[in-house]
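Chemist: with the input below, show me the fold.
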Amino acid sequence: ALDSKSSAALLDVFDDINDRGQTILMVTHSTAAASRAKRVLFIKDGILYNQIFRGDKTERQMFQEISDTLTVMASEVGDYVQTNQ
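Modeler: The predicted structure is shown next:
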């Protein structure tokens, strides 16, 4: 794990590379890091569950939408566990 200053610097490098047309595939559990992306994919059980495109959303709006999606995904896991015990 990186410290917060190094993490921010690395994400800045990723932004610069991506702005030059290179695709970056980053796997993270950090909602804050994912909020900086132009596109966020959610994978569940090996299948694309949802995706969010930044468009004209702010980083704060992306953070909220990612958080909301993760909350729904977590509640569905809870439903699965409860019905299969």
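Chemist: need the CA coordinates for stretch 50-62. CSV is fine.
Modeler: C-alpha atoms of stretch 50-62 as CSV (Å, rounded to 0.1, in the frame of the first residue of the first chain):
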residue,chain,number,x,y,z
ASN,A,50,-22.5,-2.2,-13.8
GLN,A,51,-20.4,0.6,-15.3
ILE,A,52,-20.3,4.3,-14.7
PHE,A,53,-19.0,6.8,-17.2
ARG,A,54,-17.7,10.2,-15.9
GLY,A,55,-19.0,12.4,-18.7
ASP,A,56,-19.4,15.8,-17.1
LYS,A,57,-19.7,14.5,-13.5
THR,A,58,-17.4,16.0,-10.8
GLU,A,59,-15.1,13.8,-8.8
ARG,A,60,-17.5,14.2,-5.8
GLN,A,61,-20.5,13.0,-8.0
MET,A,62,-18.5,10.0,-9.2
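Chemist: state the mean pLDDT of that stretch.
Modeler: With pLDDT averaged residue by residue, stretch 50-62 scores 97.
Chemist: which residue is nearest the middle of the protein?
Modeler: A34 (3.6 Å; C-alpha atoms, centre = their mean).
Chemist: contacting residues for that one?
Modeler: 28, 40, 62, 66 (C-beta atoms under 8 Å, 6 or more residues apart in numbering). From N, CA and C alone the C-beta is placed, and that goes for glycine too.
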